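# 3D, please:
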Amino acid sequence: MGSDRHARFGDVDLDEKSKAIIEVLQHDGRRPYAEIGREVGLSETAVRQRVARLVENGTMQIVAVTNPLQLGFQRQAMIGVTATGDLRETARALEELPQVDYIVLTAGRHDLLVEVVCADDDELLDVLGSVRALPHVQRTETMTYLKVWDQIYNWGTR
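Residues are numbered from 1 along each chain as shown. Reported below is the predicted structural model:
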């Protein structure tokens, strides 16, 4: 970490103004730059330039976050995968499955954690079959979501 005024993340040095811009966008990604500028003490142009820089250098991305239930996806699950060999190969194969939301390579009980979003239990069963059929997969453990309690995207700015 840098000084109190700057937080260092990888190759990116974030000052308080950039962190404030990110915080505002985490709450409402559609806020006008002029409004953000007034809130954080910068001009609209300065906010636009900082946002462009933050997107270009990979610090943030601006996306629409959907609610899977409202889109007809009734089953979400985390699949713990135990595999042999190069885990990156297995991760590349898993990312080809359209139901996969994200993949995390881990150190611990499972080698990979794979979140999936499916229309129903039948589709989840098909996905599990596809995962288990991958060459290096030895075992899976499926944890179906009963309810997503809290899902926030405001880390990294405080």
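
# So Ala20 versus Asn57, what's the distance?
Taking CB to CB, to the nearest Å as the measure, Ala20 falls 18 Å from Asn57. To be clear about C-beta, it is placed using only N, CA and C from the backbone, and glycine gets the same treatment.

# the helices in this protein, which residues?
Applying DSSP state H to the chain gives helices spanning 16-27, 33-40, 44-56, 87-94, 121-132.

# what about the residue nearest the centre of the chain, distance to Leu42?
When CA atoms, centre = their mean is applied to the chain, the residue found nearest the centroid is Tyr102 (7.0 Å). Distance of Tyr102 to Leu42, computed by CB to CB: 33 Å.

# what do you get for Leu124?
Distance, Leu124 to Leu42, using CB to CB: 47 Å.

# Repeat that for Ala77.
Distance of Ala77 to Leu42, computed by CB to CB: 43 Å.

# Hmm, Glu35 and Val47 touching each other?
No: Val47 is beyond contact range of Glu35, at 9.1 Å (criterion: CB atoms under 8 Å).

# Compare those two (neighbour count), which wins?
Val47 (26 against 13; other CB atoms under 10 Å).
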